[in-house]
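Trainee: Predicted model and sequence follow; I will ask about them next.
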Amino acid sequence: MSGQILTSAQMAEADKFAVARGVPSLTLMENAGKAVADAIGARFKPCPVTVLCGPGNNGGDGFVVARHLDEQGFTVRVAHDADHKGDAGTMSARWKGARVALTPAALESARLVVDGLFGAGLSRPLEGAPAQVVEALNDLPVVAIDVPSGISGDTGQPLGAVTVTAVLTVTFFRKKPGHLLLPGRALCGEVVVAEIGIPAEAANTALHENTPALWRYPWPKPDGHKYARGHCVVVSGLAHATGAARLAASAALRVGAGLVSVASPPDAMAVNAAHLTAIMLKPFDGASGLGELLSDKRLNAVVLGPGLGVGGETRTLVDVVLKSGAAVVLDADALTSFQDDPEALFNRLHGACVLTPHAGEFERLFPALLDASAGKLEAVRAASARTGCVVLLKGGDTVIAGPGDKATINANAPPTLATAGAGDVLAGLIAGLLAQGMNAFDAAACGAWLHGDAAARFGPGLIAEDLPEMIPAVLAGLKP
């Protein structure tokens, strides 16, 4: 499937798979190095280049890059200290050009640097000569082989104080998590994925980049009607905190739910009625009133949390909604209300639930899971396993995980999404998709991608109210 992501260990297994199927490892290295050189040649005019070669196969790739760049007319010298062995040793022997010691002096007169020091499997901080050279790079443009040295390929996190910042990263066969998770994504620059001869069936993974290839938007059928596209309910807060619910409701309607209602407490009826037109208004009074409302099984998806308030009353409303049998998106206050007893929430959840915390809310529910050494991806997977439902951890690198180790990384969200109310819109998008019959994982993934694309299309000056209005253009771009 398009968009597959492999961990460093899975990529090593893919290499072994290719070799076992008759692709020589030297051929893989030759193809990798040539792909890097071709990517450089397509973006840079011939100039003085220093290729930094580490002791392993990443360095072996670097020697191949040097040879091909030399053939393209670049002035190349290779900086290394190690005596290379195996495939890297073979490629080192094939390089007949200039060699210099791996010191900052190797960068003198260079106009471009190729980082072949260490690949995605590095697990320790850069130190010694490699660290000294990286610290001396300053503003020189760097092209990284596989991942920028000093970054974990599995978490995107710096391994120490010294890291390479690349303008271009060329990786092979499939992306790794570190190409998409922040800050790694920002340090990679442009990412090019090159095919080097590994068979497609070597990719065995439940992790994907979130793109439209991963899910199918529920397009209306020619003979369809609004009742076939579900009825989404967004539970409003009190009169002074109603805007968040209306943002979510607007998003649910724009994304295609056939009907959308705001369930309003009595004191908020007037303010909600003054703002709603196509979105219906349904009064409820307390938990029993909400339960009675949701006894109508046509109301098949619920958003609970935005503007609702933190405390025992919200916990009771959550309990009622989870017992209703509807698909549920729990956001904001619906999550924070359980910070003192997360298990009380987890014991009530079911497979049609989506939790949409930001980092602070996630930490309240899952203390210590966001350990940088384990990484964001594994933290969200662990949270999904613990709750038995879909967990979406919001951010510039939103991670979504579902039961069974299924996960996706969403990388299309621009920084402008860091604005008040944007999360309420996301909750509404997901619930609107749930109302139309999408499963929880696909609805979360689709909603996150639509959310990011809408923000990117709008551009600077974005506020949350703009996002639902951009959804028609986003969907038009998806139309087959």
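Mentor: Here it is on my side, so go on.

Trainee: Hmm, Glu195 and Ala32 touching each other?
Mentor: No: applying Cβ atoms under 8 Å, one finds Ala32 not in contact with Glu195, separated by 10.1 Å. Placement of C-beta: from N, CA and C, glycine included.

Trainee: where in the stretch 101-250 of the chain is pLDDT low?
Mentor: Residues of the stretch 101-250 of the chain meeting the criterion pLDDT under 70: none.

Trainee: Show me where it has its strands.
Mentor: Secondary structure of the stretch 101-250 of the chain by DSSP state E, counting those that start in this stretch: the strands cover 112-116, 142-145, 168-172, 190-194, 207-209, 231-235.

Trainee: and the fourth one, which residues are buried?
Mentor: For strand 190-194, the neighbour count (16 or more other Cβ atoms under 10 Å) marks 191-192 as buried.

Trainee: State the pLDDT value of Ser373.
Mentor: In this model, Ser373 is scored at 67, pLDDT.

Trainee: Quick check, Ile463 in contact with Ala418.
Mentor: No: with contact defined as Cβ under 8 Å, Ile463 does not reach Ala418; the gap is 11.5 Å.

Trainee: ok so, going back, show me the one of the strands of the stretch 101-250 of the chain that comes nearest Ile5.
Mentor: Across the strands of the stretch 101-250 of the chain, the minimum distance to Ile5, taken as Cβ to Cβ, is reached by strand 207-209, at 4.5 Å.

Trainee: And the contacts of that closest one?
Mentor: Strand 207-209 is touched from outside by 1, 3-7, 175, 177, 180, 214, 377, 407-409, 411, with contacts defined as Cβ atoms under 8 Å, 6 or more residues apart in numbering.

Trainee: Buried ones among these?
Mentor: 3-7, 175, 177, 180, 214, 377, 407-409, 411.

Trainee: Strands - which of these land there?
Mentor: 407-409 (DSSP state E).

Trainee: out of those residues, who's nearest Arg348?
Mentor: Among these, Ala407 lies closest to Arg348 (Cβ to Cβ), at 23.3 Å.

Trainee: residues contacting the residue lying closest to the closest one once chain neighbours are set aside?
Mentor: Residue nearest to Ala407 in three dimensions, not counting chain neighbours: Ala401, with 4.3 Å by Cβ to Cβ, 6 or more residues apart in numbering. When contacts are counted by Cβ under 8 Å, 6+ apart, Ala401 touches 377, 380-381, 383-384, 390-391, 407.

Trainee: Point out where the stretch 351-480 of the chain drops to low pLDDT.
Mentor: Within the stretch 351-480 of the chain, the stretches with pLDDT under 70 are 372-373.

Trainee: Which residue ranges of it form helices?
Mentor: Under the criterion DSSP state H, counting those that start in this stretch, the stretch 351-480 of the chain contains helices at 359-365, 376-387, 422-435, 440-458, 466-478.

Trainee: What is the burial count for Val303?
Mentor: 37 (other Cβ atoms under 10 Å).

Trainee: now the one 3 residues further on
Mentor: Burial measure for Pro306: 30 neighbouring residues, criterion other Cβ under 10 Å.
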